[in-house]
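**Q** how would this look folded up:
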Amino acid sequence: MISAVLIGAGTAVWWVFSVAAMRDAGLDATSARVVYAACGAAGILASLSGAAFARLGLRNGYLGTCGLLGGSLVLLGFAAGAVTGALCAAILFGVFYNGGVAAQGIWSSRVFADHPSAGLAAVNTALTLGTLAGPPIAGPAIAHAGYAPTLLGAALATLAAAAFCPPTERRRRVLARHRCNAALVRH
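**A** Presented below is the predicted three-dimensional model:
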């Protein structure tokens, strides 16, 4: 859940402020909007993330996703005024944001194997809470420090999500042997 909150908070800075960051760095309005649209179109490539996670493993795939998602925010922070740099950042962001959300969905289905829909709802709620928290934090940061430092801070949030990644195979085995003694809550 912590990972989802951090991903939500960091990526919300892109969703809310990327066009303004590009405009502030000197891109014209049309170019900034095209870059933003390219981000959405690139998200379609995340449909391949299931195959990537099957090949790399969910843990490694998620770690890579967090790293490349953070990298996309760093790239935008440094290249917001250059169409090519901003476009590369947008494509990376679109693919790896959607890939990260897919990984969290797969992960939640494993963690909440007895109630996968409840697990997915919990992860999506955590992602939403982060998404709601990010802009009110980023807005004053932008006013105080500017877009580039704020985007770097957002990148750090997404990179911090990696600390709460899916467990190693060894840790999964330990968790599988654990028997919870907590009483079930009944409605």
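**Q** need the contact list for A162.
**A** S3, Y62, L63, C66, G67 (C-beta atoms under 8 Å, 6 or more residues apart in numbering). C-beta coordinates here come from the backbone N, C-alpha and C atoms, glycine included.
**Q** Could you rerun that using 10 Å?
**A** Residues counted as contacts of A162 (C-beta atoms under 10 Å, 6 or more residues apart in numbering) are S3, L6, I7, R59, Y62, L63, G64, T65, C66, G67, L69, G70.
**Q** Let me know the distance separating the residue lying closest to the third one once chain neighbours are set aside from M22.
**A** Spelled out, it's I7. The shortest distance from I7 to any non-neighbouring residue, by C-beta to C-beta, 6 or more residues apart in numbering, is to A161 (4.9 Å). A161 is 24 Å from M22, where distance means C-beta to C-beta, to the nearest Å.
**Q** Also V74?
**A** 15 Å.
**Q** Helix or strand for N124, just tell me which one.
**A** Using DSSP states H and E, N124 sits in helix 116-145.
**Q** Show me what that helix is packed up against.
**A** For helix 116-145, the contact count by 3 or more C-beta pairs under 10 Å, 6 or more residues apart in numbering; DSSP states H and E identifies helix 2-24, helix 83-111, helix 147-160 as packing neighbours.
**Q** Report all helices and strands that the first one contacts.
**A** Packing partners of helix 2-24 (3+ C-beta pairs under 10 Å, 6+ apart): helix 29-42, helix 58-79, helix 83-111, helix 116-145, helix 147-160.
**Q** Likewise for the shortest one?
**A** Judged by 3+ C-beta pairs under 10 Å, 6+ apart, helix 147-160 is in contact with helix 2-24, helix 58-79, helix 83-111, helix 116-145.
**Q** With mean neighbour count added, can I get those helices in a markdown table?
**A** Shown next, in a markdown table, are the helices and strands packed on helix 147-160 (neighbours: other C-beta atoms under 10 Å):
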| stretch | mean neighbour count |
| --- | --- |
| helix 2-24 | 23 |
| helix 58-79 | 22 |
| helix 83-111 | 21 |
| helix 116-145 | 16 |
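**Q** and of those helices, who's closest to A155?
**A** In terms of C-beta to C-beta, the element of the helices and strands packed on helix 147-160 nearest to A155 is helix 58-79, at 3.8 Å.
**Q** can you list the weak-confidence ranges in this structure?
**A** For the chain, the stretches with pLDDT under 70 are 168, 171-172, 174-176, 180, 182-187.
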